[in-house]
Each structure stands twice: as structure tokens, then as C-alpha cells.
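> below is the sequence, then the predicted model.
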Amino acid sequence: MLHLSHDKTNTQSYHMQGKCPFGGDRIGGVDGTPPALSDWYPNRLKVEQLHQNGPQANPLGEDFNYAEAFNKIDLEALKQEIKGFLTSSVDWWPSDYGNYGPQMIRMTWHSAGTYRIADGRGGAGEALQRFAPINSWWDNGNTDKSRRLIWPIKQKYGSALSWADLIVLTGNCALEIMGFPTYGFAGGRHDAWEADNSTYWGPEVIHDLRTAEAPDKMVDRDKRWRGQNGDADYDLENPLAASHQALIYVNPEGPYASGDPLGSAHDIRVTFTRMAMNDEETVALIAGGHAFGKSHGMVPSKEIGMPPEIAPMELMGLGWHNPKGSGNAENTMTNGIEGSWTPNPTQWDNDYLTNLFKFEWKQEHSPAGALQWTPVDENAPKTPDAHIPGQMNRLMMMTTDIALKLDPEYRKVCEKFLGDFDAFTQAFSKAWYKLTHRDMGPRERYLGPEKRNEDDLLWQDPIPLADYASIDAADVKALKEEIMGLGISVSDLVFTAFSAAVTHRHSDKRGGANGGRLALAPQKDWAVNRRTVPVVEALRKVQEKFNNSAAGGKKVSLADLIVLGGCAALEKAAADAGVPTEVPFTPGRRDTTQELTDIEMFTWLKPVADGFRNYLGKGFSEISRGVSSEEMFLDKAHLLALTAPEWVALTGGLRAMNANHDSSPYGIFTDRVGVLTNDFFTVLTSTDYEWQKADATGLTFSLEPRVAGKKSYVATRADLVFGSNSHLRAVAEVYAGSDGHARFVKAFVKAWDKVMMLDRYDVKC
């Protein structure tokens, strides 16, 4: 028999003390407090990254049309407002030389300069400089002040002017008020509404900035490089561009703050090449940018407060609190280097290059302790202090500046610009335009009266405008019938269409089926695309026949035919599966030329791995450095802007078609190849099979039936992930259900059309 008197006594005691015996009186955490999933399981596949920056985060609503709102702005009036502000000064953050222009150029440059060609991420396109981690990188010190200074202008124009567009436009206006002729400006950048929690910025050790001795503690580089600077195999890992963690480009003091100009030149070349810049563009950007303003280094970094993301709440989102004097003006601290490059820091001229080459330079240290250079000649020109009237200071150069003088190739470019100021002006103008627009994608996205549309800007991936009438519904129907009569399998047609479209990157809006570049170098020569070659050749003949006989000046592009062939094949596959479906097709794609295709830049789109087509490039295991094939698959789904259900449905449909790059049997869990069944999901989720590794690396697997009479299958990690990952399996089970087939077909067709239309900025905003 149990006696409860002891518990009763304790209960009475708790009540007498005013406490509840069943509730805690301490709070240890709330939503988001670690440990979270990534703390418990750091290697889990983070599928939720596909749903970042979703419509729920957007306060403007899905119906808001930014292009329409932006086009109502009087751009010239807006520019005059910006320019009027730039030549003013406010007490809480005084302008250098009475001109905010140089400060704003830095803000713009650092917003755009995060772009890297390897995966198209970074850049000014979403104004991610407003969010962590970028807003709190040491290299972005005091850009928070720049954005806060132009907030009144953003506030006035509201949602009609995105932060992303305002940041770039302000930089252009800054250049113009100082006498520089900008090449142009295009609006059309859409703001992000939350921090980017997925972009890979580097493998360096993450320091706890709350307890770090100095806020520049994140500036590391050791783990992203292979070899030593100067070695033949010295290499920065992909997809990174910046040479250091938390820097935009390179350390201005040289690698490891060593003051080594030639080592710095090597880092500059690697970094700017990864930003899609050649040597001439690199010199133009550095020399052009350093024609203006000054660097700030009056206070040791260890005395500067925490960056914005972890600064005290009362600072209201402003970081890097400087305790010395006023904390700004003559006491300002950014990267630690102090001084100006030219005698007239608010005027466009060639003094930067003139002084760099005219004088010998010696190393010294700034008041903050940073390594910098000053002229050996005491009679060299001086530069006025930015805030103290009448005070003249010695000129300054950074190690990265001396690098341009000592590196043989950079020196040639500098000497060219020294002898031809007009050529320098034009080069900087076009390079700045490229820097600030590189991630915007096709010219159809450009808005405003100052946009440039010349075909000679190869970095825009130009596609000539159509000089013919597009095909109509009757033509589409007839062309479908002709394509299906060629004798090409539905698998090959689907594979070819998808191969054309899958190159698209939502990050910088490059790639895709529009332009017909699947038929051009380098894409036609990629191993992953070999299966498309005979299909493209057959479709060329259809194109030639139609264009030679169509009435009314109508023509069809090869790009349209490639996509149309895939759509026609899918309609047959769906009908054969008992779910008749019309696959959407929007004509109007155009073909570009080999001359308008930058082979080097498009080579960056070549996949290392593509789970959609069950492709792993040669040597994947050696170059992936611990990145799994399923993580690469997730990355590609993210670059295609897919949701998790779209990713699952699209893969299941491609497996039903056998859209493997080599027609291999991996993941083809069906006896009805070319029929749009949900067999991939029913087999994947079945307990009738046992999964076993088929190789020591765990890249391939075999499915052995537990019950006699069932067929065996083979698979890759890009197949099994949809059954092993709990997030993806939850979706796969929906499509595998007894009522899942029709739902799957509908979801697949919708996802297919989305991918085919990702690059159709000519018909969408």
C-alpha cells in the first residue's frame, strides 16, 4: 500500500510559499535559442535553406510590382536630391572634406564587391549589406553609417526605390559630383527581407565576437588557400573570391598584413578574376576608386566596439562604437590605415597613378598600427586634412597600391592609363558599371533611362532582339507533332530540354535555355551534355524547314524548339501514365551567337555535380573537400529557386523519364521508362527493399528485394537522399501515396515549367 502523506506535505509547503510544484520558475530558452537542429546534427542536409526569404518575409506582398513603381520615379530629380545631400554634412557623422561622395562610393563598392563568378552569389542585387554576416564584416566598418545617412531619401521614396538600387545609384551620383562621367545606371534590384543563412563565405574558424579582444577577429585566411603565396599550386578554394574571411577583396596591408606587394598582387589577381574582372578592369577599379576620399585609421582596433549585429541595443543597429573624442571626423576608424591617396580627394583626376609612379614609397604605421606607405621624398605633394582646416598631411598608399606598380602585368596597364587619361576614364566607367550590375542578369531586367543595352558588353550574356514574328498556337501544335515524329525518345527530348534550362542561376540570373547556348561552346562540349548533341542536330533541321517555309515572316528559334520538344515529350509521358496533361509552353526565346558568348565566363556554369541528371564530374571526390554530392544537389536546387516539394517532384519526374546524363539505370525505379509514373517514390519509400552500399565510397547503392520475385535496382546518393532525409521523405511519401500519382504529375509539370521559364525576363518582371 502506497502512502502519499509525504507528497501531500510537500504540496502544501509549495502552496504556502506561493509556488507551483508542477511548473518551472526559470526560463532557459525560447524559439531559436541554441542548441538547434544544426547544433545537434551539424552535418544534416539543411533543406530549409530552400525556403529563405519567402513571401512570408516580404512586407510589400506578392502583388507589389517593383518595376512599375520604380518607373514612376523621376530619376533625374532623385539624382539631384542625392547629389544635394552628398555635399552636406550632419553633426552625428560629419562628411570628409564636406563631401559624402567618397564614403558612399565605398558603400556601393563593398555592396557590389561580394559577387563571385563561381556560383553567382553575392553582389549588390538584394542589398544584403544590410544584414549579417555582411553588415558586420570588419571590412564593412562604418558602412552602417552610410546607409543611415541616406535613409531620409529611402524613406521619402518608400517601396518605389529599393535599398539595393539606392545604394548603387548613390555611388554613381557620388562619382558624378566629383567630375567623373559614369557609364550608366539601371534599376531593377529587388531587396531581400532577411539575412542570407546559406551562402558559403569560407571555412575559417568562427570566433565569438562577443568575447573577442578586437572586432577584426574574423579576418582569417588560412583554411581557404592551398599552398603558399607564390607557389605554383597556390589556390583559393571555390566558390570563394575574397582572399580573407570578412573582407570584400584582399587585405590592404598585404597577405597576413605582411607588407609584401608582389604577394598582394597575386591575391588581387586571384580575387578579381573570381569576381569576373580581367587585369585592365582590376587596375581601373582600384586606381579609379582610390582617386577619391581617404582611409581611416586613428584608433587601434581593440578599442572599437562590437559590429552592428551584436552591438548594444541602444545603438539602434549601428556598430563599431568609437570611444575616442567625437568618435568620428578626425577620430574616425575603419580599416586602420590613415590618409589619402591624392592631393584633391574629391576630384576625378589622374593624380593617384601619377604619384604612385613618380615617387618612391616607404613603409610606416598608422596611428592605429596598420602598415601603410608614404613618399620617401619629403617634398612630395600633401593632401588636406578631411576635417582640420589648414592642416596638410602626407600622402598614403596601401600595400595593394604598391602591388600595381611592382607586378609586371598590372604595371603595363597602369602605364597605359598614365599615358591616356581618357582611356583610363572610359575603362573605370565601364568596369564600375560591370561591378555594380554584374549580378543583375539579362538586360530585360534593367530599368530606367540610363540603362545600357549594347551587345558588346559580353558580361551581360547578350541575346539579339528578334527581327521576326514569333510562332503562334497553331505553329506550336504543328511543331510538336513534327518533333514527336522524328523518332527521338521522350527520354532524350526531356533530357535535352532540361539540360538547356538547368544551367540557370537565380543568384546572378545567368544561364538557362533562352539564347540556345546548349548548341554553342562551351556547353555543347561538356561531358554532361553529350546526350543532347544528336537531339539538337535533329531539331536544327526542324528549325530550318519551318523558317524556310513559314508565312508572315514567322520564325522559330532553336532555343524554343529545344524546350518545346521536352514539353511535347512530357505530354505523351503523362498521357501514357493515365494522367492527360497540357504542359505549358511560352514561345519567344531567341538564339544568340558564338561571338556573343564569352566561353570563359560560361565555363563557370559547368557543373561539378548535378543530382537532377545523376552526374558527378570526374574527380568529384578529390575536389569536393568533404562536400557531399547531396549537398551539391541541394545547392543546385537553391540556385534554381526551387522549394523542397518542387525539388522532390522534379527529380522524381526526371527519374521516370531516365534523364540521367548517360542513360544509366541509377534511380530508375521503374519498368516503364518514359512514362510519367510515381514509381520512383513508391520504390523509394517501400520497406520491401534493403539498401546496401555498392562501393567503398558510398556513392552508389543497390536495392535488394526482401521478397523473392521483386526486381533489384541501383541508386546514387542523389536518389536515396529523398528517402533518407526526413524533410524530403515527408514530401516523397505524399507522392508515393495511393492518391499521390495525379498530385505528383501536376506538381512535376508545374516545377518543370518554372525551370523552363526561370530566365524568361522578357515576359516577367
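It's in.

> what is the least confident helix or strand in the protein?
The helix or strand of the chain with the poorest confidence is helix 5-16; it has a mean of 47 (mean pLDDT, DSSP states H and E).

> helix or strand right after that helix?
helix 37-40 (DSSP states H and E).

> can I get that next one in CSV? Just the C-alpha atoms.
These are the backbone C-alpha positions of helix 37-40, laid out as CSV (Å, rounded to 0.1, in the frame of the first residue of the first chain):
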residue,chain,number,x,y,z
LEU,A,37,19.0,21.3,-35.2
SER,A,38,22.3,22.4,-36.7
ASP,A,39,23.9,22.3,-33.2
TRP,A,40,22.7,18.8,-32.5
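
> need the contact list for Leu447.
Leu447 is in contact with 67, 70-71, 186-188, counting by CB atoms under 8 Å, 6 or more residues apart in numbering. Placement of C-beta: from N, CA and C, glycine included.

> now Arg589
When contacts are counted by CB under 8 Å, 6+ apart, Arg589 is found next to 513-516, 557, 559-560, 563, 760.

> please identify the buried residues of whichever strand or helix holds Gly723?
Under the assignment given by DSSP H and E, the secondary-structure element containing Gly723 is helix 717-724. The neighbour-count criterion (16 or more other CB atoms under 10 Å) identifies 717-723 as the buried residues of helix 717-724.

> rounded mean pLDDT for the next helix-or-strand element following that helix, please.
Tracing the chain C-terminally past helix 717-724 and defining elements by DSSP H and E, one meets helix 726-736 next. Confidence over helix 726-736 (mean pLDDT, whole number) is 98.

> so the closest residue to Lys156 other than its chain neighbours: helix, strand or coil?
Nearest non-adjacent residue to Lys156, counting by CB to CB, 6 or more residues apart in numbering: Glu81, 7.9 Å away. When the structure is reduced to helix, strand and coil (DSSP: H, G, I helix; E, B strand; the rest coil), Glu81 reads as helix.

> so Glu81 sits against Pro152, correct?
No - taking contacts as CB atoms under 8 Å, Glu81 lies outside contact range of Pro152: 9.4 Å.

> who has more neighbours, the two?
Neighbours were tallied for Glu81 and for Pro152 using other CB atoms under 10 Å; the higher tally belongs to Glu81 (16 against 10).

> next, count neighbours for Val673.
For Val673, the tally of surrounding residues (other CB under 10 Å) stands at 18.

> sec struct for it, please.
The local conformation at Val673, judged by three-state DSSP, is coil.

> thinking again about what came up before, so which of the contacts of Arg589 are in helices?
Using DSSP state H, 559-560, 563 are the members of the contacts of Arg589 that sit in helices.

> using PDB, write out every CA atom in stretch 291-304.
What follows is the C-alpha trace of stretch 291-304 in PDB, where atoms were taken according to Å, rounded to 0.1, in the frame of the first residue of the first chain:
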ATOM      1  CA  ALA A 291      41.200  58.600 -56.800                       C
ATOM      2  CA  PHE A 292      38.700  59.700 -54.200                       C
ATOM      3  CA  GLY A 293      38.500  60.100 -50.500                       C
ATOM      4  CA  LYS A 294      40.700  58.700 -47.700                       C
ATOM      5  CA  SER A 295      41.200  55.700 -45.500                       C
ATOM      6  CA  HIS A 296      40.600  55.900 -41.700                       C
ATOM      7  CA  GLY A 297      42.900  54.600 -39.000                       C
ATOM      8  CA  MET A 298      43.100  56.900 -36.000                       C
ATOM      9  CA  VAL A 299      42.200  54.400 -33.300                       C
ATOM     10  CA  PRO A 300      43.500  50.900 -32.500                       C
ATOM     11  CA  SER A 301      41.000  48.200 -33.500                       C
ATOM     12  CA  LYS A 302      41.000  46.700 -30.000                       C
ATOM     13  CA  GLU A 303      39.400  50.000 -28.700                       C
ATOM     14  CA  ILE A 304      36.500  49.800 -31.200                       C
END
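
> ok, Asp267 - contacts?
Taking CB under 8 Å, 6+ apart, one finds 229, 243, 250-251, 255 in contact with Asp267.

> could you dump the residues you listed to CSV with neighbour count?
Output for the contacts of Asp267, formatted as CSV (neighbours: other CB atoms under 10 Å):
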residue, neighbour count
Asn229, 20
Ser243, 24
Val250, 27
Asn251, 24
Pro255, 21
